[in-house]
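Colleague: Below is the sequence, then the predicted model.
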Amino acid sequence: MNQEWNKDINLKLELIEKCREMKPVDIMVGVLCKDVETTVLNVLNVINEGLYRYFPDYKKAIVVSLGESSDKTEEVIGLFQPYNSIEKIVINDITEGGKGAGVMTIFEIAHESEAKSVILMDGDLLSVKPVWIQTIANPIIYGRADLTVPYYIRDKNDGVITNNLVYPFTRALYGLDIRQPIAGEYAISKNLYELLRNHPLFPPDFGVDIFILTVAAAEGLYVKEGLFSLKIHESTTRYLEPEKFLIPMFRKVTGSMFELAKYYEEYWRSKPKLWRSKYYRECFSQKPIPVRIDIPEMKKSFESEFKSLKYTMERFLPKSIIAYLERIVNNNERFDSELWTEIVYNYAAAWKNIKTESDKCLLLDTLKTLWIGRYVSYAMEVKDMDINEAEKIIQKQAEVFEGKFEYLRSIYEEPITPT
């Protein structure tokens with residue numbers, strides 16, 4: 001979030017008064033809602049049941065933050081009635097944006113209510129259960145963490161931005177092995193949400209997930225995984241239409257991730273190298289629902305976009321990497337994790353010195369093309385693997401990011417910059 005975005009944030013006086021009447025709230029669940037008419041009522045009812053069942057002696061509130069919907073989300077939410085012991089607030093996002101605007105709205109209400117903990121949940125969840133509330137909240141309530149991040153059991157083709165980009169990059173820079181750093185649901189302590197709401201880089205969009213985790217890690221707060229479950233959410237069905245959902249999300253998440261790396265450069269530059277075990281643990285949970293992807297179409301998209309954007313990519317990548325990419329496109333060579341790591345690190349370094357929004361857009365658009373190329377190679381490699389075999393590939397890639405960390409340090413001082 002930039003300072004201009006922050007200036008316009010305010011809550012109506014009557015809402016502030018209600019918050020002050022409620023305070024202090026022990027557990028506040030914020031539900032982010034935009035175009036979720038088919039799912040949100042079940043999500044709210046499940047949250048209501050979870051709070052009532054597992055936290056009967058606590059002061060509780062459910063806050064619904066409404067984005068600008070094109071369906072009947074707001075009308076459906078009007079049907080929801082919580083138990084008498086649970087407060088309910090429904091509010092339009094207090095600033096423009098996307099998911100980040102909704103999160104900021106919830107944090108502002110938490111601040112006015114002196115909430116001791118905040119749980120964030122998306123309104124499009126299909127698999128949510130009452131026990132989720134207890135599992136994700138307990139580490140915060142018992143003072144064992146400032147941030148709880150779920151570990152969702154997901155198909156090898158789900159988490160397409162996480163697996164090949166956000167997870168290995170975050171793990172390498174911040175020394176934090178949180179498998180799904182942009183999981184979407186979180187439990188947050190008062191210390192952390194107060195730090196977040198006053199942070200100069202609070203993003204108004206999809207970048208808010210990586211923002212929450214990165215700030216917690218870089219500011220020395222305690223982060224742990226919790227809530228181990230299958231996750232089914234409505235937005236997974238949009239993977240077959242990447243331009244409508246995945247690509248905009250990629251741009252926002254990656255832009256925020258690179259900006260945070262720039263902001264916290266002193267932290268990750270000085271962190272000690274950590275030894276890690278090379279043993280791979282096996283998951284024998286329930287099997288996740290398969291995610292359908294169109295590999296041939298994505299491969300075609302990568303190859304055509306690379307040819308048209310190759311000269312633009314030279315602004316961000318050494319010529320040796322461009323030559324390697326040409327061989328991948330022309331000779332059908334493998335797009336391996338070593339090359340991908342160097343590409344990501346070069347782009348992160350280039351971001352440091354970029355000044356204009358147009359150049360940032362160019363950087364993210366060209367990296368998006370290369371990310372598709374790497375994803376195609378990964379998808380083809382794990383095509384006949386089960387989730388444990390595919391997970392080993394993801395873990396080995398994360399180790400490559402860690403192994404090449406000194407490479408990032410070296411090029412971050414004198415990166416290739418746009419000319």
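Modeller: Received, thanks.
Colleague: switch to C-alpha atoms for all contacts and neighbour counts from now on
Modeller: Fine.
Colleague: So, low pLDDT: which residues of the protein?
Modeller: The model of the chain has pLDDT under 70 over residues 1-10, 233-245, 274-278, 414-419.
Colleague: okay, which residue is most central for it?
Modeller: Centroid-nearest residue in the chain: residue 182, 2.4 Å away (criterion: Cα atoms, centre = their mean).
Colleague: That one looks like it's in a strand, true?
Modeller: No - assignment of residue 182 by DSSP: H, G, I helix; E, B strand; the rest coil gives coil, placing it outside any strand.
Colleague: Relative to residue 170, how far out is residue 401?
Modeller: In this view, residue 401 and residue 170 are 9 Å apart by Cα to Cα, to the nearest Å.
Colleague: How is this structure partitioned into domains?
Modeller: As assigned by automatic domain parsing, the chain contains the domains 3-265, 294-413.
Colleague: if we can go back for a sec, my understanding was that the residue nearest to the centre of the chain contacts residue 210; is that so?
Modeller: Yes - in this structure, residue 182 is within contact of residue 210 by Cα atoms under 8 Å, at 5.6 Å.
Colleague: Quick check: neighbours shared by the two?
Modeller: Common neighbours of residue 182 and residue 210 are listed as residue 166 (criterion: Cα atoms under 8 Å, 6 or more residues apart in numbering).
Colleague: three-state assignment of the nearest residue to residue 157 once chain neighbours are set aside?
Modeller: Using Cα to Cα, 6 or more residues apart in numbering and skipping the chain neighbours, the partner closest in space to residue 157 is residue 291 (5.8 Å). Using three-state DSSP, the structure places residue 291 in coil.
Colleague: can you list the residues that contact the helix or strand containing residue 262?
Modeller: Taking DSSP states H and E as the criterion, residue 262 maps to helix 246-263. If you take Cα under 8 Å, 6+ apart as the criterion, helix 246-263 is touched by 161, 166, 201, 203, 205-211, 214, 238-239, 268, 348, 351-352, 360, 364-365, 368.
Colleague: Tell me the buried residues in it?
Modeller: Using 16 or more other Cα atoms under 10 Å as the burial criterion, the residues of helix 246-263 that qualify are 246-247, 249-262.
Colleague: which residue ranges form the helices in the stretch 151-300 of the chain?
Modeller: 160-161, 167-174, 190-197, 208-218, 246-263, 265-270, 295-313 (DSSP state H, counting those that start in this stretch).
Colleague: The strand or helix carrying residue 406 packs against which elements?
Modeller: Using DSSP H and E, residue 406 maps to helix 405-413. Under the contact criterion of 3 or more Cα pairs under 8 Å, 6 or more residues apart in numbering; DSSP states H and E, helix 405-413 touches helix 337-353.
Colleague: Now find how far off-centre the helix it packs on is within its chain.
Modeller: What separates the centre of helix 337-353 from the centre of its chain is 19 Å, taken as Cα atoms, centre = their mean, to the nearest Å.
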